[in-house]
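> fold the stuff below for me.
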Amino acid sequence: MGEDFSSTWRKRQACEECRKNKVRCEFSDPTSDTCARCAKKSITCRSSKTDGGSTSQKRKGEGIGGTKYSWIERLRLKSRPLSTQEQKLVKISELEKVIDEASSELEQLKLETRDISVPPVSTDATVPPVSFNNSDTGGTVTPIGSFLPFKTYSDEILRGPNYLQTAIDLGLITYNDAKEHYNLFLKELKKYCPFDIDDKLTMQQSAQKLPLTTLCMVHCTSCTVSDGDSDELGKFLTKVIAEKIYVLLDLTLDVVYTMIMRILFIWRFPENGTMVDVFVGFTVIFATDLASLEDARVLYRLPSTDERYQSARSKIQVFLSCYICQTSIALSGYRQRLFYVIPVPDIYLDALFTTRDESDMSIVYHIKSNIVANEALETILALRDFSPQQIKQHVKHYVARLREIIRASEVSLGPEVHEGKMKYLFTDSNLQMELAIYECAINKVVSLGSYHDDFSQWWSFIRPIINISERLIDSFVELTQKETFFPRFLYFKPLQALTCLLRSYIVLWSHGQDPSQTKVKEALARVKAAWDVINRRSRAASTVYPLLLKVEGWMDSLLSRIAQGLNPTGGAETCLEEPVRSSALILNLVRELITHESEQQQQQPTYFLFDHSVDPKPKSQSAENEIEQVLKELFNEVM
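Residues are numbered from 1 along each chain as shown. A predicted model of the protein is given here:
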């Protein structure tokens, strides 16, 4: 096999690591006690056992574990005290020998790894205790994995049972930080979860009852607060989820809670920004086959104190919570197939409503609003050869249905529906749906070639958009004043309102109306001031902040172009007819803005939250019908 093979392969029993991976056990040096693979992974090279169960030939050295340094343990385990001076001198000699050998190997490893970038180890980090029950003790434990460019975990680590304790032991988070994040989640973020979370449990109790959910709660808080360092903790959480789903096939409520919380609090962060994560989460949740018809019957038949009642309620509650996430994401991008992927029979909504619990009833009302909003968008987009007045009648019908749901919730839940959690999650969500319906109607009016109609038709859509946008911005400013931090998805509420005001500004200006009544500049100033305050204490705010700056950039470009002489009441366009003149003004302005933006950043536009300007009807190339497309391109890049 050649001289190189005989010099690098020790003819003896392979170590445990190489035997497990079924690879050749090679040594870079004939006198080395650590094989090349174990040295590369920085793990202990242990000799394996023969088939008969007896230990294999010991490697060179006196180590009881087969390594160069493990014989130190033998010195520590000596029960006989070193009474004589000669024995003490011998021990000193042995320890000096170990130090010399370790220093030599350390220098060699530094030479071999000098081109590998290793993150510096913090010297002032608080060291986690080794147990929840030993929180007052400390130590300096540096896991081997923290020195590696990529972390790998054994099956035993990924299979728990206490994942949060494992993360602490691995140095991914300190005990004090984990406890602080857990308590912050219960105080600040729990109210945004549609399903129940027992806030009476301590972190230790929660980790025993729902180990994966508890780890996810800590990670979600770490992703939200300003000083959260969640990268490695998030990777560990992802690996644990993958192990439970794809290897162990352990699809329990613990896993389902975790998947929903990831969608609510983590999705769309830079490290979790793909739709694949969401679809995988939905697949896992639906695969658990929650909320059977028998569960719905149990809520009617059994008393609330029965354990079967509590179990059935939890299953239906978490299933409908997932349905809220599914339909809301589908509405935000008008993904009809996603909206209908899992239909929800009314029996589940009616059964959960019988509990008369505030959280349960809010889930039911939220789902009903989503269904009405989706029906409205489908109906308006399907209209053909309808006048603006007829489109307006459809809009009034569906907006009235949404407001009827709000009134019903006021009767069931009281005035709290307009305060706190219910306001930010349910009432404001209904306002966003109304906003989407009005914008969809405007786009439909344009696409049907109704641009020649009197401006009063436009104003009947523009005025509600301005009013609703102002209410959403007021709500966001109030939220930043009352809350320390909140989930990332709530930051898109003011962004949607600002983009709607910008679109209204262009429509008013193109018709020769006064665009200042949109108060878009004042609205942007209010949002930015509130955002700057919370930006300093929330990581979620800082990750969305570039989108706010992008909206500000669009506004500056828009106002500067108008100031340069694009006057709708004069200039070269005055010889055109009114609708064509307005169309030309919008096209000239928007095309220049889009061209300028595409030169700075080449990327495909994506839909903004509740932007449903897509129409399946093919567009004509006339100036009137092209307005819808260019307006959409102007503002869809915000997402």
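
> Provide the contact partners of the one helix or strand Met422 maps to at residue level.
Per DSSP states H and E, Met422 falls inside helix 420-422. Residues from elsewhere that reach helix 420-422, judged by CB atoms under 8 Å, 6 or more residues apart in numbering: 191-192, 362, 409, 413, 416. C-beta here means a position set from N, CA and C on the backbone, and glycine is covered the same way.

> tell me the contacts of Cys220?
So Cys220 contacts 185, 189, 261-262, 264-266 (CB under 8 Å, 6+ apart).

> can you redo the residues you listed as CSV, where the extra columns are secondary structure?
Converted to CSV, the contacts of Cys220 look like this (DSSP: H, G, I helix; E, B strand; the rest coil):
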residue, secondary structure
Phe185, helix
Leu189, helix
Met261, helix
Arg262, helix
Leu264, helix
Phe265, helix
Ile266, helix
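
> would JSON lines of those residues with neighbour count and pLDDT be doable?
JSON lines is the format used below for the contacts of Cys220 (neighbours: other CB atoms under 10 Å; pLDDT from 0 to 100):
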{"residue": "Phe185", "neighbour count": "24", "pLDDT": "89"}
{"residue": "Leu189", "neighbour count": "23", "pLDDT": "86"}
{"residue": "Met261", "neighbour count": "24", "pLDDT": "87"}
{"residue": "Arg262", "neighbour count": "24", "pLDDT": "85"}
{"residue": "Leu264", "neighbour count": "19", "pLDDT": "83"}
{"residue": "Phe265", "neighbour count": "26", "pLDDT": "83"}
{"residue": "Ile266", "neighbour count": "25", "pLDDT": "78"}
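
> and which of the residues you listed is nearest to Gly234?
Using CB to CB, Ile266 is the member of the contacts of Cys220 that sits closest to Gly234, with 7.4 Å.

> for the stretch 401-550 of the chain, what spans make up the strands?
For the stretch 401-550 of the chain, no strands are identified by DSSP state E, counting those that start in this stretch.

> point out where it drops to low pLDDT.
Applying pLDDT under 70 to the stretch 401-550 of the chain flags residues 448-454.

> most neighbours among the contacts of helix 420-422, which one?
Of all the contacts of helix 420-422, the most densely surrounded is Ser409 (24 neighbours; neighbours counted as other CB atoms under 10 Å).

> can you tell me the closest non-neighbouring residue to Leu237?
His219 (5.3 Å; CB to CB, 6 or more residues apart in numbering).

> host element of that neighbour?
If you go by DSSP H and E, His219 is part of helix 211-224.

> and if you look at Gln317?
Going by DSSP H and E, Gln317 is part of helix 307-333.

> against which helices or strands is the helix or strand following that helix packed?
Sequence-wise, the next helix or strand downstream of helix 307-333 (DSSP H and E) is helix 336-339. Contacts defined by 3 or more CB pairs under 8 Å, 6 or more residues apart in numbering; DSSP states H and E place helix 336-339 against helix 307-333, helix 358-381.

> excluding chain neighbours, give the residue nearest to Phe339 in space.
Per CB to CB, 6+ apart, closest to Phe339 is Ala330, 3.7 Å.

> cool, and Phe319?
Nearest in space to Phe319, with sequence neighbours left out and distances taken as CB to CB, 6+ apart, is Ala291 at 3.8 Å.

> doesn't that neighbour fall inside a helix?
No - according to three-state DSSP, Ala291 belongs to no helix; its state is coil.

> may I see the contacts of helix 420-422 organised as a markdown table, with distance to Gln317 added?
Converted to a markdown table, the contacts of helix 420-422 look like this (distance: CB to CB, whole Å):
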| residue | distance to Gln317 |
| --- | --- |
| Lys191 | 15 |
| Tyr192 | 15 |
| Ser362 | 11 |
| Ser409 | 17 |
| Leu413 | 16 |
| Glu416 | 19 |
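
> thinking again about what came up before, need the helices and strands packed on helix 336-339 in JSON lines (columns: distance to Glu439 and mean pLDDT).
Formatted as JSON lines, the entries for those read as follows, by distance: least, CB to CB, whole Å; pLDDT from 0 to 100:
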{"stretch": "helix 307-333", "distance to Glu439": "13", "mean pLDDT": "86"}
{"stretch": "helix 358-381", "distance to Glu439": "10", "mean pLDDT": "89"}
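
> could these go into CSV alongside distance to Tyr505?
Converted to CSV, these look like this (distance: least, CB to CB, whole Å):
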stretch, distance to Tyr505
helix 307-333, 23
helix 358-381, 23
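
> Arg561: which of those is closest?
Nearest to Arg561 among these is helix 307-333 (29.2 Å), distances taken as CB to CB.

> buried stuff in the closest one?
Neighbour counts over helix 307-333 (16 or more other CB atoms under 10 Å) mark 309, 312-333 as buried.

> do the same with stretch 373-391
373-374, 376-377, 379-381, 383, 386, 388, 391.

> how far away is Trp554 from Arg561?
Plainly put, Trp554 is 11 Å away from Arg561 if you go by CB to CB, to the nearest Å.

> quick one, which of the two is more surrounded?
When neighbours are counted by other CB under 10 Å, Trp554 comes out ahead of the other of Trp554 and Arg561, with 19 against 16.

> can you list the low-confidence ranges for the stretch 101-250 of the chain?
The stretch 101-250 of the chain contains residues with pLDDT under 70 at 111-160, 226-230.

> again, only this time at 90
Where the stretch 101-250 of the chain drops to pLDDT under 90, the residues are 101-175, 177, 184-185, 187-201, 204, 207-210, 219-250.

> near the closest residue to Val520 other than its chain neighbours, how many other residues are there?
Using CB to CB, 6+ apart and skipping the chain neighbours, the partner closest in space to Val520 is Leu501 (4.2 Å). A count of nearby residues for Leu501, using other CB under 10 Å, gives 25.

> pretty sure Leu501 is touching Ala523, no?
Yes - contact criterion CB atoms under 8 Å: Leu501 and Ala523 qualify, at 5.9 Å.

> what is in contact with those two at once?
Ser469.

> OK, contacts around the residue nearest to Val520?
Contacts of Leu501 (CB under 8 Å, 6+ apart): 465-466, 469, 518-520, 523.

> hmm, 10 Å instead?
Each residue near Leu501 by CB atoms under 10 Å, 6 or more residues apart in numbering is listed here: 462, 465-466, 469-470, 473, 515, 518-524, 551, 555.
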